[in-house]
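Asks: Below: sequence and its predicted model.
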Amino acid sequence: MSIHAEELNAKGNKMKQLVKSIAARAIAVVALFLAPSAHADIMDDILQRGELRVGVQTQGEPVSFIDKNGERTGLAIDIVKMMAADLNVKLVIQDYDWKGLIPALLSHKFDIIAADMTPTPQRTTQLLFSRPFFYQDTIAFVQKNSPYKTWQELNVSGLNVGGTQGGTYVTAIKEFMPDATAKEFASGPATAQAVSSGRVDAAVSSASNVAAYSTGFDNLRPLEGVITREPLAFAARKENIQLKFWMDNWIELRTADKKLDKLIEYWWTTTDWEKDHK
């Protein structure tokens, strides 16, 4: 073979390798865009199956709980009922302990978490949150005969302060009361029971929860001061972008027409719900 022919052959091989490389990269780019789309059409799945599947907390007044009539109700329940009605689909509720909600969502047990969940930096590494549907005040509570008046007084070595396991209440205890010892419980009612029975000196929860606990346990009272003010949002798996946008739009729409405000006023900012459900 002549030198000229060898050069042409070498150039031809290089060109073939270049074409293969470009083709491989093009396939990779196409796959990159197509792969998420296989998981991004959860809205289509919801509409086709005719069901919105929602994970809620087993027992957490006034967000999700079984009332005196044996029915599951609460702020989150009424919100997702309205969502399902707007989608013209059936609502399917699955309840879990607080610590089980995120693992169950990530295991595709349901479509969204409807709870009083704060989109913390840690949670947003795993989940995609809607825009907040409202904000809650976090406060502390104690037994009525406790000597403490403000939450700041709980930052004392030797004091045990309770909060819901896996929730932002425990985070608040550790951040704002570092000298106290944080004790975790499976649910809000279990935390309130621990304070009422003297197993812990105090606990941290939302202002609405504390109001409910104070009626359920006649020896509890809130402490003065707000520890934090937290946004609350619903959560989806992080690949379900279309569902997140739908929830954002829904919250915007139902805030504008005051329907969401009416639910929040009934369930959260007043105790009107108690006469109907307790």
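Replies: Now that the structure is in, tell me what you want to look at.
Asks: All the strands of the stretch 101-250 of the chain, in order from the start?
Replies: For the stretch 101-250 of the chain, strands defined by DSSP state E, counting those that start in this stretch occupy the ranges 112-117, 127-129, 134-143, 160-164, 181-185, 202-206, 220-222, 228-237.
Asks: any weak-confidence spans in this protein?
Replies: 1-40 (pLDDT under 70).
Asks: where along it do the helices fall?
Replies: 3-40, 42-49, 75-87, 101-106, 168-176, 188-196, 207-216, 241-256, 259-264, 272-277 (DSSP state H).
Asks: and the fifth one, which residues are buried?
Replies: Residues of helix 168-176 classed as buried under the neighbour-count rule (16 or more other CB atoms under 10 Å) are Thr168, Tyr169, Val170, Thr171, Ala172, Ile173, Phe176. Glycine gets a C-beta too; all of them are placed from N, C-alpha and C.
Asks: And the fifth one, how far from Gly163?
Replies: Just to be clear, that refers to Ala172. From Ala172 across to Gly163, the span is 7 Å (CB to CB, to the nearest Å).
Asks: Check the second one too.
Replies: Distance from Tyr169 to Gly163, counting by CB to CB: 3 Å.
Asks: joint contacts of those two?
Replies: Both Tyr169 and Gly163 are contacted by Thr191, Ala203, Val204, Ser205, under the criterion CB atoms under 8 Å, 6 or more residues apart in numbering.
Asks: Distance to Ile113 for those - can I get that in JSON lines?
Replies: Output for the shared contacts of Tyr169 and Gly163, formatted as JSON lines (distance: CB to CB, whole Å):
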{"residue": "Thr191", "distance to Ile113": "20"}
{"residue": "Ala203", "distance to Ile113": "23"}
{"residue": "Val204", "distance to Ile113": "21"}
{"residue": "Ser205", "distance to Ile113": "19"}
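Asks: mind putting those residues in JSON lines, neighbour count and distance to Ile112 included?
Replies: As requested, the shared contacts of Tyr169 and Gly163 are exported to JSON lines (neighbours: other CB atoms under 10 Å; distance: CB to CB, whole Å):
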{"residue": "Thr191", "neighbour count": "29", "distance to Ile112": "25"}
{"residue": "Ala203", "neighbour count": "31", "distance to Ile112": "28"}
{"residue": "Val204", "neighbour count": "30", "distance to Ile112": "26"}
{"residue": "Ser205", "neighbour count": "28", "distance to Ile112": "23"}
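Asks: For Arg131, state which of those is nearest.
Replies: Ser205 (23.6 Å; CB to CB).
Asks: Quick check: the closest one touching Ala212?
Replies: No: under the criterion of CB atoms under 8 Å, Ser205 makes no contact with Ala212, lying 9.2 Å away.
Asks: if we can go back for a sec, identify the farthest-apart pair in the shared contacts of Tyr169 and Gly163.
Replies: Thr191 and Val204 (8.4 Å).
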